[in-house]
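Chemist: coords please:
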Amino acid sequence: MTRWQFIGLPLGVVALLLLVVGQTAGFSSGWIASWPRELGAALIVLLGAWAVGRRVLAFFLPGEETAGARHLQLALGLGVFILVALILGLGGLLDRRLLASVALLAAAGGLTDLGRSWWQQRASLRPASWGQLADLPLTVVLGAVFLFATLPPAFYDAITYHLGLPSLYLASGALVYPDAFSLASYPQNAELLSAWAMALGGEKGAQLLGYLLAVACTLALRDFATRRFGRVAGSLAALLLASSWFFVFEAALAKNDLLGGYFFFLSLIILVELPTRRRGILLSGVLAGLAVGVKFSNLLPLFLVSSFLVWLRADELSRVLRRYLVWTLLALAVASPWMVRNVVHRGNPLFPAFYSLLGGDGWTEENAARMRSSTGSALDRSPGAIASRWVAIGWRHAAYGSGGEVTFFFLPMLILGIAACRRRADAALLSLALVTLLLGTAFFSSYLRIYAIAMISAPLAAAALYRRWEHLVWRVAVGGLLVLLVALQLGASSKRIGKVTAGGFRVIRGELGENEYLDGLLNYLPMARRIGQELPQDAKILLVGSARTTYIPRVCYANYAWDDPWINRALEPDANPELLVASLVADGFTHILLNAADLRELERNQQLFRVSNDASRRARLNAFFASLHKVAEENDCYLFSTSRGDDSEPAGPR
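Modeler: Predicted coordinates:
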């Protein structure tokens, strides 16, 4: 630790505490007062996880100083937090106050550990070195991304799924499974971590936790690249990752792909640096399982690791294969709760993936086709089409929302980096990234972001190229090219984040308040506030016409666009409105929230309802809503009670 770090740590803690006090007491206004409390909540979860992970790592690798130990400690602690939330959710005990209390208790232990470590290092302080200036650009880029991470979450994926599902779990107090919301079939490790942050700091707290975990991933890459290729090369690799649209997309918008990549990257680091330690192999398997528990797409590199291990230890083939079998089984065991959940509810452990092979209860091929269309998995798998997709990587830009766009440097850099590696382990790691990316885009999905381990590992190729030769001309030439690549990535990322956040710059500059910003993006927020003020805590809402449930402070179920909308039952020719309402009451629903604006948009984009051009279907829909008691109407959203009242009036989509 340098002298500046020794002084800066307590000063940073004090500054954050002052900002939190100011925000709570209302001493300040504007953007600067909109995030300290939520950042503090995210830091509490992070600090608590690190404290727990320290104890877990000490058990796995007792009495050993492990390179990158801080990252392994954090990852293992996050795994424990996921497990605790899973157990509480299955037991119906997922309570905000309980999660907050546990996190605060763990963070108190972490703060004690951190303070003790800080004080013990006072005798071994060293002056700051010029080499540390290489991290200055990285700090600036991460600071710029932080600005957008402090915006209130409004990105569709986040408020529908990544934050919408934790909201449902916390409101329900349990890990419920909404049958008509197929995204709940995805593994939920990231969402359970978000539940911890939401218990303390709400939706923005969860988004800032995602940002901090993205920063942790970047630092893990920098530290590993520094150990393998040197300080400057490590900083360049981290800067390449942090400036990419993939990173900005994940870190600022509450996405979860990067977290899975973080777990898997740490798992591979252990295989590279502790290849012969039995407990190290077990630890690596646990981390790989946590990665699969974030995203099933991590199964692809999981099964490719066998070739990676054989390359590393070709002289001990039988032992390597035995260890790989143990490693794989352990990883699958760690990820198994989500597969078992899918088997119970859908009959397909990987649902909704592989529907054509494994099926899925409650779905048809039409549902699967909608899923494949919106996830980039409706692929032509002919050799010519595969080759075309490979050639197009970095040249043919997908929709910015895919989060996987890269520059045209990406693939050539990765291939040249493999050739430039001096160590077999480094070449094997980069080869795993390349093969994962090529096989994934060939057969599974064209969205690059889901192959997060490839996106995280690729900057190591730049570090390998920089370190390949010691000659000054070579270093200057490669360094200059990498700086150019960083500049290209920053330009593209800044343009895209401005487009995705739709006015976020104005909030940061203080020209627009957070409520005004959200109200301009989410038409249902005024109704959500009214629900929080007027509906009882035990209200249970069925959302019709939309899947966006975040910010609705009650138990709220919705249909996703891939699934058959519940409201289609009211559109059948023989539909009986009274019986439909009775079935809703039997299922415990007290209210229906109709988002007519979203319904019309879904009808245009997905053809889910077919009421605009069909007068008979529109009449049946209006008849259904006429059988309900309308409670409120605001901003094209309509709230109905399933208890019939005298002043009920029809209000269908217009």
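
Chemist: and the residue nearest to Arg277 when sequence neighbours are not counted, how many neighbours?
Modeler: Ranked by CB to CB, 6 or more residues apart in numbering and with sequence neighbours excluded, the top spatial neighbour of Arg277 is Leu61, at 7.3 Å. Using the backbone N, CA and C atoms, a C-beta is placed for each residue, glycine as well. If you count neighbours by other CB atoms under 10 Å, Leu61 ends up with 18.

Chemist: check contacts around Leu61.
Modeler: Taking CB atoms under 8 Å, 6 or more residues apart in numbering as the contact definition, Leu61 lies against Arg277, Arg279, Gly280, Leu283.

Chemist: So which of those wins on neighbours?
Modeler: Leu283 (25 neighbours).

Chemist: Quickly find the element holding that one.
Modeler: helix 278-292 (DSSP states H and E).

Chemist: can I assume Gln489 is in contact with Ala242?
Modeler: No - under the criterion of CB atoms under 8 Å, Gln489 is not in contact with Ala242, lying 9.1 Å apart.

Chemist: More neighbours: those two, which one.
Modeler: Ala242 (30 against 26).

Chemist: Figure out the helix or strand that the more buried one lives in.
Modeler: Going by DSSP H and E, Ala242 is in helix 231-243.

Chemist: Quick one: classify Ala632 as helix, strand or coil.
Modeler: strand (DSSP: H, G, I helix; E, B strand; the rest coil).

Chemist: Neighbours of it, how many?
Modeler: Ala632 is flanked by 17 other residues according to other CB under 10 Å.

Chemist: now Asp179, what's its secondary structure?
Modeler: Applying three-state DSSP: Asp179 is coil.

Chemist: Name the nearest residue to it, ignoring sequence neighbours.
Modeler: Gly362 is the one closest to Asp179 (CB to CB, 6+ apart), at 6.3 Å.

Chemist: So the one you found lies in a helix, does it not?
Modeler: No - if the criterion is three-state DSSP, then Gly362 is coil and not within a helix.

Chemist: Let's see the pLDDT reported for it.
Modeler: In this model, Gly362 is scored at 89, pLDDT.

Chemist: Now do the buried residues in stretch 370-379.
Modeler: Arg370, Met371, Arg372, Thr375, Gly376, Ser377, Leu379 (16 or more other CB atoms under 10 Å).

Chemist: Strands of the protein, start to end?
Modeler: In the chain, the segments counted as strands under DSSP state E are 540-544, 555-557, 591-595, 629-634, 637-641.

Chemist: Next, the angle strand 629-634 makes with the last one.
Modeler: Taking axes from the mean of the first three to the mean of the last three CA atoms, to 10 degrees, one finds strand 637-641 and strand 629-634 inclined to each other by 160 degrees.

Chemist: for Leu602, what are its contacts?
Modeler: Counting by CB under 8 Å, 6+ apart, Leu602 has contacts Gly545, Ser546, Ala561, Leu608, Phe609.

Chemist: any idea how far Tyr560 is from it?
Modeler: Using CB to CB, to the nearest Å, we find Leu602 at a distance of 10 Å from Tyr560.

Chemist: Same question for Ser445.
Modeler: Distance from Ser445 to Tyr560, by CB to CB: 18 Å.

Chemist: Can you report how many residues neighbour Gly510?
Modeler: 12.

Chemist: same thing with Arg509?
Modeler: Arg509, neighbours per other CB under 10 Å, totals 11.

Chemist: cool, and Pro536?
Modeler: 7.

Chemist: need the contact list for it.
Modeler: Shown in contact with Pro536 (CB under 8 Å, 6+ apart): no residues.

Chemist: Kindly report the same for Pro349.
Modeler: Contacts of Pro349 (CB under 8 Å, 6+ apart): Met339, Val340, Asn342, Val343, Leu358.

Chemist: From Ala180, how far out is it?
Modeler: Applying CB to CB, the value for Pro349 to Ala180 is 20 Å.

Chemist: returning to what we had before: list just the nearest of the buried residues of stretch 370-379 to Thr328.
Modeler: Of all the buried residues of stretch 370-379, Thr328 sits closest to Ser377, with 24.1 Å by CB to CB.

Chemist: Please save the CA atoms from the helix holding Ala242 in PDB.
Modeler: Taking C-alpha atoms only, helix 231-243 is exported to PDB below (Å, rounded to 0.1, in the frame of the first residue of the first chain):
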ATOM      1  CA  ARG A 231       2.400  -3.400 -15.000                       C
ATOM      2  CA  VAL A 232       1.900  -1.400 -18.200                       C
ATOM      3  CA  ALA A 233       0.500  -4.300 -20.100                       C
ATOM      4  CA  GLY A 234      -1.900  -5.000 -17.300                       C
ATOM      5  CA  SER A 235      -3.200  -1.500 -17.200                       C
ATOM      6  CA  LEU A 236      -3.600  -1.500 -21.000                       C
ATOM      7  CA  ALA A 237      -5.700  -4.700 -20.800                       C
ATOM      8  CA  ALA A 238      -7.900  -3.300 -18.100                       C
ATOM      9  CA  LEU A 239      -8.400  -0.100 -20.100                       C
ATOM     10  CA  LEU A 240      -9.400  -2.000 -23.200                       C
ATOM     11  CA  LEU A 241     -12.100  -3.800 -21.300                       C
ATOM     12  CA  ALA A 242     -13.400  -0.700 -19.400                       C
ATOM     13  CA  SER A 243     -13.700   1.400 -22.600                       C
END
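
Chemist: For that helix, name the packing helices and strands.
Modeler: helix 136-149, helix 189-229, helix 459-467, helix 472-501 (3 or more CB pairs under 8 Å, 6 or more residues apart in numbering; DSSP states H and E).

Chemist: closest to His162 out of the ones you listed?
Modeler: Of all the helices and strands packed on helix 231-243, helix 189-229 comes closest under CB to CB, at 6.3 Å.

Chemist: what about that closest one, distance to the chain center?
Modeler: 9 Å (CA atoms, centre = their mean, to the nearest Å).

Chemist: Helix 136-149 and that helix, what's the angle between them?
Modeler: Here helix 189-229 points in a direction 170 degrees away from that of helix 136-149 (the same axes, to 10 degrees).

Chemist: what mean pLDDT does helix 189-229 have?
Modeler: Helix 189-229 shows a mean pLDDT of 96.
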